[in-house]
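In: I'd like to go over a predicted model; first the sequence, then the structure.
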Number of protein chains: 2
Amino acid sequence: MLLQRLTVCSKMPKQTKVCCSFKRFLMQGWSHGMPFAHRSELRQAKRIVVKLGSAVVTRGDECGLALGRLASIVEQVAMLQNQGREMMIVTSGAVAFGKQRLRHEILLSQSVRQALHTGHNQLNDMSLPVLEARACAAAGQSGLMALYEAMFTQYSTCTAQVLVTNLDFHDDQKRQNLNSTLQELLRMNIVPIINTNDAVVPPPEPNSDLQGVISIKDNDSLAARLAVEMKADLLIALSDVEGESCSLGSAGRHLSVIANGTHPKVTGHVITDIVEGKKVGTFFSEIKPAGPSVEQQTEMARNSGRTLASLHPDQRSEIICQLAELLTERKDEILAANKMDVELAVTAEHMAPAMLKRLTLSPAKLNSLAIGLRQIAVAAQDSVGRVLRRTRVAHNLELEQISVPIGVLLVIFEARPDCLPQVAALAIASGNALLLKGGKEAANTNHILHELTQTALSKHGVADAVQLVSTREEVEDLCRLDKLIDLIIPRGSSQLVRDIQHVAKGIPVLGHSEGICHVYVDVDASVDKVLKIVRDSKCDYPAACNAMETLLIHRDLLRTSVFDQIIDTLRTERVKIHAGPRFASYLTFSPSEAQSLRTEYGDLACCVEVVDSMQEAVDHIHKYGSSHTDVIITENENTAEQFLQQVDSACVFWNASSRFADGYRFGLGAEVGISTARIHARGPVGLEGLLTTKWVLRGEGHTAADFSEQGTMKYLHENLPIGPPLASHRDSN
Amino acid sequence: MLLQRLTVCSKMPKQTKVCCSFKRFLMQGWSHGMPFAHRSELRQAKRIVVKLGSAVVTRGDECGLALGRLASIVEQVAMLQNQGREMMIVTSGAVAFGKQRLRHEILLSQSVRQALHTGHNQLNDMSLPVLEARACAAAGQSGLMALYEAMFTQYSTCTAQVLVTNLDFHDDQKRQNLNSTLQELLRMNIVPIINTNDAVVPPPEPNSDLQGVISIKDNDSLAARLAVEMKADLLIALSDVEGESCSLGSAGRHLSVIANGTHPKVTGHVITDIVEGKKVGTFFSEIKPAGPSVEQQTEMARNSGRTLASLHPDQRSEIICQLAELLTERKDEILAANKMDVELAVTAEHMAPAMLKRLTLSPAKLNSLAIGLRQIAVAAQDSVGRVLRRTRVAHNLELEQISVPIGVLLVIFEARPDCLPQVAALAIASGNALLLKGGKEAANTNHILHELTQTALSKHGVADAVQLVSTREEVEDLCRLDKLIDLIIPRGSSQLVRDIQHVAKGIPVLGHSEGICHVYVDVDASVDKVLKIVRDSKCDYPAACNAMETLLIHRDLLRTSVFDQIIDTLRTERVKIHAGPRFASYLTFSPSEAQSLRTEYGDLACCVEVVDSMQEAVDHIHKYGSSHTDVIITENENTAEQFLQQVDSACVFWNASSRFADGYRFGLGAEVGISTARIHARGPVGLEGLLTTKWVLRGEGHTAADFSEQGTMKYLHENLPIGPPLASHRDSN
């Protein structure tokens, strides 16, 4: 077993008072082993001390114990214990528990009946003399332990009570006794529950708060001493005290868990989450992790990105061309790194052949990658700083709206390393800072590709604008950095996009999660076009998001030769047909009924349904579609225009295959992706999806007051031409 | 006490197996009182039955009781009991509890030591004979009750055990006995915990699952009978069984609580949330609430909105003009309704004068409102259906990108009823469906204004496109409808915007929450311009988001007359100066130091700080600003252009007051708001912020395959002119 030294301090809503002594003990030498440097290693922790602050154990409203929280902690500790870990609990709460108990006793000795009827809240109004504090602790201790015992018994877990004072650590003999007692308990799968022995510690200061008797500081220091003494791998400190910020451990950086004191979200799985390596609370480690944190990387990227954005378009193009050249020049290194990944994948991971193919680079792939990059370099000439609008607001007061980068992009891609230079080039072209999070299967390839990207960027001193995020970082954690990241672009399967849209509630995600595309065959359709378009829409690349999933056929075409030819075509192409309910009802022998009219088959399969009219087709599309791409086939211009106007999808086509919904086919140049969002960018997205705008106003000392009723100026709001050179850029886009 | 009849079935992640008998009992007559029709009335519930399904009481992984969940439920029930409500619990779980206990006994009788060492998980692998099921229940009952007792004791709440069978309800005498026992317990503030008396019910079917002994159905039916018998106001059923969907109650509509079985979020405050009227679980009531649900309203709005979007621009303008006319024609009715609101506000709510002023309408206000509406009607001519881009993709294959509405907007506004026709007009102009959520202070005024809007809309058969959401709906609940609403626009204080941005994680919010605007006075600034611009930026309207909050001064200006004049100007205008740390260090007697360089004073106060250079000003702005509006004052064009280029804010001005950051002043026509988001719309937003785009492709049977290597076609990607009439529209925008 590795002996590690670590603290995770989970600062709950209200924050922790203090603990210098705690910190001091952390700084003391831990005698053995290699400490963890990263959260992901916490899963390996075997011996864990869980320290519960009194604010965690007791309720914020002073109504005694926070039973739900306590029970949930017991549940988690028992679960970890059952996983074979050695768990120890350092608990507070005896005073609060005893206080409540003694109050109750006093009231009962007055009038049981009356007390029951006035209700519990009034109990709180009665105060007990401060001097009884230690008595409270003594009275509470047994009850608290009984409760722990009762709760752990539910999980067949034995507990043992251990009362100690700080003095026990100063006496070597006592310390050894304590040590061997605890070792023995752990060996027997028993959870020791440790608390300060208040009955024997000096009385509290006069005027001190009741809660202060077993001070948080004491229990923190106790937990820290214990963790050192018992060579624990991990110390989890849960606290929740108002006022000061959590300064446990050596770092000043905090990652607080946002939730109020009684919010069960915090304690419901906080301990197991920490052990699973999730970003809960603040993580302190004696050793620094290699390299900057992802937050630092983001900051570096943003700063360097601002310089990137201020470069001349030619300079950004140069960087991209340089990267393209490096892909060719250094292809041996790239292929060698890639070979390592591929071999690892084959031997260790038994990767599926399709995935292995995506992972594998070849000189040909690198070549076409370089060609693509040079196209992006051209597009880069016309992205940042384009004037989109010019207005003469008033005499000598001119307004321009210009395109600027969005800021910091996070691109998440799977085992497809060629994504890296591509998205890097798109980010550079649009002057955005970029965080790249690649699959760990391609770690070596991504590493060298990122190095080359930085080499290219350093040509103009902006190497930090593109950062490769460690494979250890969880995607879910990255998606929570909503103050740092402006846009997330997932590149990969629609499942990846869906997953990311699901977790990234605070940051916009550019992408499409669903493509339920319809082709509607109108009564006035030309047979030739129908057969061509239906075949192409379904069969050209069935797994694509712009492939047809549902074929809507006008009722009057049933039992005509057009209908027979459509079905024949689909059969010839081995497309499995699922019948919609209406279609099925028309047939004597129907194919299998569609499970749902909202299915994305993503394969050689589609749903066929019958509609009465173009209007019904539109209604069907609105009801079951995903607003991606929908097609009408008809020779009737009027019907077509109605369809094009009414269908509320990102792409609506007349007599053309759904497969044209694609940035390259649309002629957008560099393609960022296809978006099914309704704001910002919709449908196939070119570089402009990575841009936003900024308003630049140039005046001569103009003030709003100049335009007031008493003022001397008048608004002109005259539209100005955008200017020939930039306008021509725009046209050539 | 009103006797009410209600059920809230909180369907947890895994879903409830369900309960025909439960439903049947709900359908039976409840003998007294008026049932609740809306969740907000649930706070009044006095007598509450809480029914815990066995899946709630036990863990998903079969490791016995879900202690955390159970304790949390006890906590909530105790809290509600302490509020003076009468709580009853119908519990499952005895079988699971007993099963675990018996298993443990068997193992212990084998080898204690071995059992302790192999750990708990193996216990689960041993199966007990099915026939012992009733024994399990009997063995579990006492333990379960002891646990409830122990937990409720923490809150000084007494419990009582009541075991019943369904037969007890069929015998009148028995039913009366049960009734009077329970009444007496409730009278004494005791929480009755009720369970089926399994020891006396018939044995289970052979092969039936252990859990089935006390069937969920039985307990559901028990809870329903009990609720009827005890005339409970509310029945809260918590369940969590995999497979079938929750069909408790009379409705088919479900609002499930998304969380997995062990997710404490669900149970942590589910009961108290329900009682507080929050949208948790599915709500069933005997009486239908007046009017459609907000989900139905959204659906109606979306459908009607699609028709609105398909109207001719002239028709949308007509509707808006009609609304403007109605504001004048029906002003007596409007003012009468408004008078009711104002009187109510004065007498009942003691509203602050400023707010009262905003609430109050006048003929003059209505007039200028009508004028504003007619301007929007003009803007409406040029919004939906604008061609933004035309491309010849290939011969006879033409692509257009056109502007279309976003979909369904939710506009939330405070006690300012004139917002209603304004935002309605903006939505109509942009062809969007609209949900309006106004402050309840203006309920009467909003009601009549909405009626007039619908009257105007009905001119073209789209009355439903604008919906007024009931004042009972909580803003937080509306902000969760991310599948239904496409964009939220808060109109009101920046606090409102902040609150809404905070709760609306899933839906984009158009608005600005912060305006920390800087004015940087460069060393080459003209004194006249400095004094004019600084005064205007700070004093023209200090509460506005575009007012100056921080004044950055070049170091070389210190101790010059320019500096003295700036300070004099601010003093004359009674602006309170807060010194930044560097500024303070230069002064012998400094004004109060700024608490933070990131403060939005929103008042006649600002921070003054010193910087060494334009570059340092830019860095300061990036570090402390909110990317809203920042200004440079200088005569040096080079410095100015550097600043304009580098500062990464929505608006960057040179020698002009920050107060120009405004849609009207920018000449955008109808103003939607100011956005500090980085995607979609940034800075002052005109109607175009309410639009997205759609791609329309017109072909002649083109397929992707035609363009493959074997194909016959080539991509042209030729940019086409947008066409004179629409282009002129664009310029005149």
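Out: On my side now, so go ahead.

In: going forward, measure contacts between C-alpha atoms and count neighbours the same way
Out: Noted.

In: how about the nearest residue to A:Met88, chain neighbours excluded?
Out: Nearest residue to A:Met88, sequence neighbours excluded (Cα to Cα, 6 or more residues apart in numbering or on different chains): A:Val49, at 4.7 Å.

In: cool, and A:His680?
Out: Counting by Cα to Cα, 6+ apart, the residue nearest A:His680 is B:His680, at 3.7 Å.

In: burial of that neighbour, as a residue count?
Out: Neighbours of B:His680 under the rule other Cα atoms under 10 Å in any protein chain shown: 22.

In: I figured it hits A:Thr693, correct?
Out: No. Using Cα atoms under 8 Å, B:His680 is not in contact with A:Thr693, being 9.1 Å away.

In: quick check: A:Val378 vs A:Ser368, distance?
Out: 16 Å (Cα to Cα, to the nearest Å).

In: what's the answer for A:Asp418, then?
Out: For A:Asp418, the distance to A:Ser368 - Cα to Cα - is 10 Å.

In: between the two, which one's more packed in?
Out: Applying other Cα under 10 Å to A:Asp418 and A:Ser368 shows that A:Asp418 carries more neighbours, namely 20 against 12.

In: any stretches of the stretch 351-500 of chain A with poor pLDDT?
Out: Applying pLDDT under 70 to the stretch 351-500 of chain A flags no residue at all.

In: what residues are up against the residue in it that chain B sits nearest to?
Out: Nearest residue of the stretch 351-500 of chain A to chain B, counting by Cα to the nearest Cα: A:Ile406, 5.9 Å away. Going by Cα atoms under 8 Å, 6 or more residues apart in numbering or on different chains, A:Ile406 touches A:432, A:486-487, A:690-692, B:678-679.

In: at 7 Å what do you get?
Out: Going by Cα atoms under 7 Å, 6 or more residues apart in numbering or on different chains, A:Ile406 touches A:432, A:486, A:690-692, B:678-679.

In: buried ones among those residues?
Out: A:432, A:486, A:690-692, B:678-679 (16 or more other Cα atoms under 10 Å in any protein chain shown).

In: all strands for the stretch 251-400 of chain A, in order.
Out: A:282-285, A:387-394, A:397-405 (DSSP state E, counting those that start in this stretch).

In: please tabulate the ones you listed in CSV, including the columns mean neighbour count.
Out: Formatted as CSV, the strands of the stretch 251-400 of chain A follow (neighbours: other Cα atoms under 10 Å in any protein chain shown):
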stretch, mean neighbour count
strand A:282-285, 22
strand A:387-394, 20
strand A:397-405, 23
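
In: would you reformat those as JSON lines and include distance to A:Leu335?
Out: As requested, the strands of the stretch 251-400 of chain A are exported to JSON lines (distance: least, Cα to Cα, whole Å):
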{"stretch": "strand A:282-285", "distance to A:Leu335": "37"}
{"stretch": "strand A:387-394", "distance to A:Leu335": "42"}
{"stretch": "strand A:397-405", "distance to A:Leu335": "33"}
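
In: ok, how many other residues are close to A:Arg665?
Out: A:Arg665 is flanked by 19 other residues according to other Cα under 10 Å.

In: so what's the residue lying closest to A:Thr159 once chain neighbours are set aside up against?
Out: Nearest-residue entry for A:Thr159: A:Val191, 4.6 Å, with adjacent residues in sequence omitted and distances by Cα to Cα, 6+ apart. Contact analysis of A:Val191 by Cα under 7 Å, 6+ apart lists A:87-88, A:158-160.

In: can you check A:Ala66 too?
Out: Contacts of A:Ala66 (Cα under 7 Å, 6+ apart): A:57-59.

In: show the buried residues in these.
Out: Using 16+ other Cα under 10 Å as the burial test, the contacts of A:Ala66 include A:57-59 as buried.

In: just checking, which of the residues you listed belong to strands?
Out: With strands defined by DSSP state E, no entry of the buried ones among the contacts of A:Ala66 lies inside them.

In: tabulate those residues (a markdown table), appending pLDDT.
Out: Shown next, in a markdown table, are the buried ones among the contacts of A:Ala66 (pLDDT from 0 to 100):
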| residue | pLDDT |
| --- | --- |
| A:Val57 | 78 |
| A:Thr58 | 75 |
| A:Arg59 | 70 |
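
In: which of these fall in helices?
Out: For those, the ones inside helices are A:Val57, with DSSP state H as the criterion.

In: got the buried ones among the contacts of A:Ala66 as JSON lines, with distance to chain B columns?
Out: Putting the buried ones among the contacts of A:Ala66 into JSON lines (distance: Cα to the nearest Cα, whole Å) gives the following:
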{"residue": "A:Val57", "distance to chain B": "12"}
{"residue": "A:Thr58", "distance to chain B": "11"}
{"residue": "A:Arg59", "distance to chain B": "10"}
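
In: kindly reformat the buried ones among the contacts of A:Ala66 as a markdown table containing distance to A:Glu573.
Out: Below are the buried ones among the contacts of A:Ala66 laid out as a markdown table (distance: Cα to Cα, whole Å):
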| residue | distance to A:Glu573 |
| --- | --- |
| A:Val57 | 66 |
| A:Thr58 | 68 |
| A:Arg59 | 67 |
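
In: related to what we said a few turns ago, just flag the most distant two among the contacts of A:Ile406.
Out: Pairwise distances across these peak at 13.0 Å for A:Asn432 and B:Ile679 (criterion: Cα to Cα).

In: ok, which stretches of the stretch 151-300 of chain A are helices?
Out: A:167-170, A:172-187, A:216-229, A:264-268, A:270-275, A:294-310 (DSSP state H, counting those that start in this stretch).

In: can you tell me which of those is nearest to chain B?
Out: helix A:264-268 (5.1 Å).

In: just the buried residues of stretch A:434-444, please?
Out: Quick answer for stretch A:434-444 (16+ other Cα under 10 Å): A:434-439, A:441-444.

In: circling back: how about the buried ones among the contacts of A:Ile406 in CSV, adding distance to A:Lys174 and secondary structure?
Out: CSV is the format used below for these (distance: Cα to Cα, whole Å; DSSP: H, G, I helix; E, B strand; the rest coil):
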residue, distance to A:Lys174, secondary structure
A:Asn432, 62, coil
A:Asp486, 57, coil
A:Leu690, 66, helix
A:Leu691, 68, strand
A:Thr692, 68, strand
B:Arg678, 62, coil
B:Ile679, 64, coil
